[in-house]
Structures are given as structure tokens and as C-alpha cells.
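J.: Predicted model, plus sequence, below.
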Amino acid sequence: TLLIMLMVALFTSNMMIRVKSQARESIKKEHQMGVLYDFNKKLLATRNLNGIINLTNDYLVSTMNHSVIFYTEQGKNLLNHKALAFENKQDIEVLTGSDEEAVANWVFNNQKVAGYGTDTLMGAKGFYLPVLSQGRVLAVIGVLLSKENPLTHENLNFLKLIASQLSLALERQYLVTEQQQIMLETEKEKMRSNLLRAISHDLRTPLTGILGASSAILENKDKFDEELKLSLIKDIK
């Protein structure tokens, strides 16, 4: 009987621990979903690339308690970046160093995670995640890590969820930018055509006069007196 009671007590204790653990996980997930909902709502209201970068960095730093860097694409490299420190401002120098940038570019070109805590370029100070959309890397997010402050499973999942939301926002922003560029080029071409038409119109009248006066002199050189020839030459000048 005593053994049965002990087993029941142990089972009950394990059940209570499991229930409490599940409750904590549920609260964390609920909080995470709330943060993601708020993040997505603000992303929809953001109309430029810098706004998207600043918003993402703010959310990552405040939620993950790590310093982060956000790289955007420029041609075949990731030349544009913006970093935000969690507590230590020296983290910015670490994240923007040439070695860390090389890791971020590797991630951009290979479309895979790399850096601290991975099997690729593990000597890096940061963990780098590509933001993918239709087989194309739109950005790379870097998170500064250490033995004292590693990337938890919860943080990694949150980072991936942020990246999925971010890919949609960046794709939308790049499409808007592309459309604006097309409109700008169309407007420039229209202005160029209008300018050429205006110049052509302004030049046509004097050129016609020059052509008429010079032709008259050449065709009537023996008939015109010197005074008339001089007058036509002055008109040409």
C-alpha cells in the first residue's frame, strides 16, 4: 500500500510539473503570437525600407535581448547594413567588422544559416539567418551571441517567424520601389521627348531662315547687289 501511495504521489508530482511546464509554454507562445501580430500590423503600415529595418531591429533587440544587425541586398553583395545594440554599444563594432560581414555575405550567396552555433563558419561572433522569398535572399539578419547569452530554441523559432513575416514586407517594398523606378524612368523619358520637341520647334524657324537666306545668295549671286547680299549675310549671322 505504501509503495502504491508513493507511486501515486510521484505520478501526481510529475503531472503537476508537466502541467506547469505546459502552462508556461502556453503563456510564452501566447505572448510570442501577440508580439508577432503587433509586429506584422506595424510592418503593414511601414512604407519604406529604412522603416522596415528599424522596426525589425527594435523588435528583435527588445524581445530576444541580443544585439542585432540587418543586412539588405545590393547587387551581388550585402553592402547596406544597420546594427542595433542591446546593452553594450561595443557590440556594434563587433557586428560591423569585416569578418562578420564576410559571414553575412556567405549566407546571402548560399541561402543557408551560418555563424555562431552552426556547423558553418562557426568562429563568427554572430548567428546569421537569410530572409528568403521565392528562392531569393532579400536580407540577412545577424544576432550577436556568446557562451553566456546563447541563442535559445525559443529565440530561434521567434527569429524564423519574424523572418517569414519580414520576407513578405520586403517583397512588397521592393515591388513598390521597382514600380516607382519604372514610373520615374517613364517620366524622365517623357520630359526628354518634350524637351527635344521644344528644342526642335525653337530651332526650326531660325534654321529655315538661315537656309533660305544662304540659298538665295548662292542661287542669285550674279543678280543681287552687294547691299542685298550683305543684308542677307547679316541675317544669317
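T.: Right, received. Where do you want to start?
J.: So, low pLDDT: which residues of the chain?
T.: 1-3, 5-9, 11, 13-17, 19-33, 74-80 (pLDDT under 70).
J.: three-state assignment of the residue nearest to the spatial centre of it?
T.: Nearest to the mean C-alpha position of the chain, counting by CA atoms, centre = their mean, stands Thr72 at 4.3 Å. Following DSSP: H, G, I helix; E, B strand; the rest coil, we place Thr72 in the strand state.
J.: Which stretches in this structure count as helices?
T.: For the chain, applying DSSP state H gives helices covering 2-45, 49-64, 91-95, 98-110, 153-219, 226-236.
J.: Same list, those, but as TSV with distance to Ala85 and mean neighbour count please.
T.: In short, each C-beta sits where N, CA and C put it, glycine included. As requested, the helices of the chain are exported to TSV (distance: least, CB to CB, whole Å; neighbours: other CB atoms under 10 Å):
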stretch	distance to Ala85	mean neighbour count
helix 2-45	20	11
helix 49-64	8	18
helix 91-95	5	18
helix 98-110	14	18
helix 153-219	17	13
helix 226-236	73	12
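J.: so how many other residues sit close to Gly115?
T.: Neighbour count of Gly115, defined by other CB atoms under 10 Å: 25.
J.: what does the one 5 residues further on give?
T.: When neighbours are counted by other CB under 10 Å, Thr120 registers 14.
J.: Would you confirm that it contacts Val113?
T.: Yes: assessed by CB atoms under 8 Å, Thr120 is found in contact with Val113 at 7.4 Å.
J.: out of the helices of the chain, nearest to Val140?
T.: Nearest to Val140, of all the helices of the chain, is helix 98-110, at 4.8 Å by CB to CB.
J.: And that closest one, what does it pack against?
T.: strand 68-74, strand 77-84, strand 114-115, strand 126-133, strand 136-144 (3 or more CB pairs under 8 Å, 6 or more residues apart in numbering; DSSP states H and E).
J.: mind checking which of these is nearest Met191?
T.: Comparing these by CB to CB, strand 68-74 comes nearest, at 27.7 Å.
J.: What residues sit buried inside that closest one?
T.: Val68, Ile69, Phe70, Tyr71, Thr72, Glu73 (16 or more other CB atoms under 10 Å).
J.: Can you list the strands that it pairs with?
T.: Paired strands of strand 68-74, with direction, are strand 77-84 (antiparallel), strand 136-144 (antiparallel) (DSSP bridges).
J.: Could you pull out the buried residues of the longest one?
T.: By neighbour count, and taking 16+ other CB under 10 Å as the criterion, the buried residues in strand 136-144 are Val137, Leu138, Ala139, Val140, Ile141, Gly142, Val143, Leu144.
J.: if we can go back for a sec, of all the helices of the chain, which one is nearest Lys125?
T.: Nearest of those (CB to CB): helix 91-95, 5.3 Å.
J.: just how off-centre is that closest one within its chain?
T.: Relative to its parent chain, helix 91-95 has a centroid offset of 20 Å by CA atoms, centre = their mean, to the nearest Å.
J.: now for it, which elements pack on it?
T.: strand 77-84, strand 136-144.
J.: can we see that at 6 Å?
T.: Here helix 91-95 touches no other helix or strand, going by 3 or more CB pairs under 6 Å, 6 or more residues apart in numbering; DSSP states H and E.
J.: That concludes my questions; thank you for your assistance.
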